[in-house]
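In: Pasting a predicted model and its sequence here:
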Amino acid sequence: MTETIFDIKIGYASPKNPIATASMAGITDSIFASRFKNAGMIILGGYNLDQPTNEAARKEVERGRTEFISDKPLEFIKSELEATKGYTTIAVNVRAASIGPFLEAAVLAKGYGAILEINAHCRQPEMVELGAGEALLKDIPRLCEYITEIKKTGVVLSVKTRANVVNDVELAKAIEKAGADIIHIDAMHPQGVDIGVIKRIRNSTKLFIIGNNSITDPESAKEMFSRGADMVSVARAVSINPRIIDQLVFDITSLQTMTGWYNAPKHICGGGDLRALAFCCLPVKPCALHGALKQAGITAEEFMKIKTDFARKTPIEYGEGTCFGSMTWCCKITKPCFLRDSALESIGLSDVEYMTIKKKLSEYILKHKKN
């Protein structure tokens with residue numbers, strides 16, 4: 001079972017793998033969900049929670065868009081949660097013009113063990129005029145007020161955002177401080193996908209990150225994982241290739257089985273996030289490591305002590321014959337290195353065990369992050 005392979009936990013939610021289907025208005029309902037039970041998470045919606053948003057949706061439909069419209073939105077969402085019970089981890093993406101409907105939806109979602117997702121992403125003018133969707137990105141105090149109040153219900157809470165509308169790092173920090181559990185980022189950019197926004201937010205918060213936009217194959221998913229996403233979500237690509245979810249689950253499960261760290265970062269010198277400090281060698285020459293340490297607020301001396309202290313009495317303390325005499329300073333397992341591999345073989349440490357230790361090392365380093 002992929003649950004035991006990945007061990008992903010977000011509050012009371014335990015997705016069985018890091019592949020999700022994203023919400024698509026008028027498309028992602030319980031019938032749609034029944035085709036993608038292999039996904040680690042299915043995000044239903046976007047659903048409209050009140051009369052103003054349902055009326056706005058009707059106007060959108062009149063001009064040719066698809067939308068979910070209901071005169072009894074909570075009853076409708078309850079029926080959707082009933083229909084998808086037992087499928088996989090379920091999230092419900094919702095829109096409203098005021099806080100009250102969000103609170104009611106939160107209680108309902110929690111009762112079904114589902115995640116609630118605030119839609120701060122929709123840019124349709126009818127919704128934005130109500131102060132819903134993307135309008136929340138431009139009113140961060142109100143968004144944070146919503147988050148704080150909704151979290152009082154105990155629901156696991158996600159916020160769906162669109163990149164490059166406001167300062168994404170400041171937005172993420174505010175969302176985290178307000179108490180949200182997940183940030184679901186559409187990494188949209190006028191020139192294509194802004195993969196860097198995932199890295200910037202990973203380096204700035206401890207939020208669970210769902211990366212979205214142009215996930216069309218295993219390579220695009222791995223690229224987003226390597227920048228710090230904990231999960232990726234797929235939208236329109238499922239209409240083009242209905243088997244893409246199965247393909248992604250298979251590929252990422254294989255990667256996790258082989259390496260033990262499916263979203264291991266690229267090396268710092270390859271553009272990786274700060275978790276990649278676990279793979280850096282001693283800071284003895286001018287390289288990208290020094291910039292990463294400055295960003296983390298850690299001196300070179302502190303970095304050496306942090307890694308050495310962690311490695312002591314662990315298998316990676318050893319490594320005779322490697323560049324610096326200890327696997328503490330060795331790179332990730334997917335980068336070929338006969339010196340590291342010989343050291344691993346000599347002490348009987350598997351690739352997965354090595355990467356599991358490196359992951360713990362990355363977490364230990366980031367505990368010392370000052371910036």
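Out: Now that the structure is in, tell me what you want to look at.
In: From here on, just use CA atoms for contacts and neighbour counts.
Out: Will do.
In: Could you report the pLDDT at P242?
Out: With respect to pLDDT, P242 has a value of 91.
In: The one 3 residues further on now?
Out: pLDDT recorded at I245 is 98.
In: That one sits in which helix or strand?
Out: helix 244-259 (DSSP states H and E).
In: what about V284, neighbour count?
Out: 9 (other CA atoms under 10 Å).
In: which SS state does it fall under?
Out: coil (DSSP: H, G, I helix; E, B strand; the rest coil).
In: Now do the same contact list for it.
Out: V284 makes no contacts at all, as judged by CA atoms under 8 Å, 6 or more residues apart in numbering.
In: Distance of it relative to F68?
Out: 59 Å (CA to CA, to the nearest Å).
In: Please apply the same query to P218.
Out: Distance from P218 to F68, by CA to CA: 31 Å.
In: do the same with E363
Out: Counting by CA to CA - E363 and F68 are separated by 42 Å.
In: Between these two, which has more neighbouring residues?
Out: F68 (20 against 15).
In: ok, and what's touching stretch 296-312?
Out: 274, 278, 282-283, 290, 293, 317, 328, 361, 364-366, 368-371.
In: Next step: those residues restricted to helices.
Out: 290, 293, 361, 364-366 (DSSP state H).
In: Could you save these as TSV and add columns showing neighbour count?
Out: TSV is the format used below for those (neighbours: other CA atoms under 10 Å):
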residue	neighbour count
H290	17
L293	19
L361	22
Y364	16
I365	22
L366	17
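In: Out of the residues you listed, which is nearest to T161?
Out: L366 (25.2 Å; CA to CA).
In: how about the strands in this protein?
Out: With strands called from DSSP state E, the chain shows them at 19-21, 41-48, 89-95, 115-119, 156-162, 182-186, 188-189, 192-193, 208-212, 231-234.
In: With only the CA atoms kept, save the third one in CSV.
Out: Think strand 89-95. Extracted in CSV, the C-alpha atoms of strand 89-95 (Å, rounded to 0.1, in the frame of the first residue of the first chain):
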residue,chain,number,x,y,z
THR,A,89,-8.3,11.7,0.9
ILE,A,90,-10.9,14.2,-0.1
ALA,A,91,-10.6,18.0,-0.1
VAL,A,92,-13.4,20.5,-0.9
ASN,A,93,-12.5,23.7,-2.7
VAL,A,94,-15.1,26.4,-1.8
ARG,A,95,-15.9,30.1,-2.5
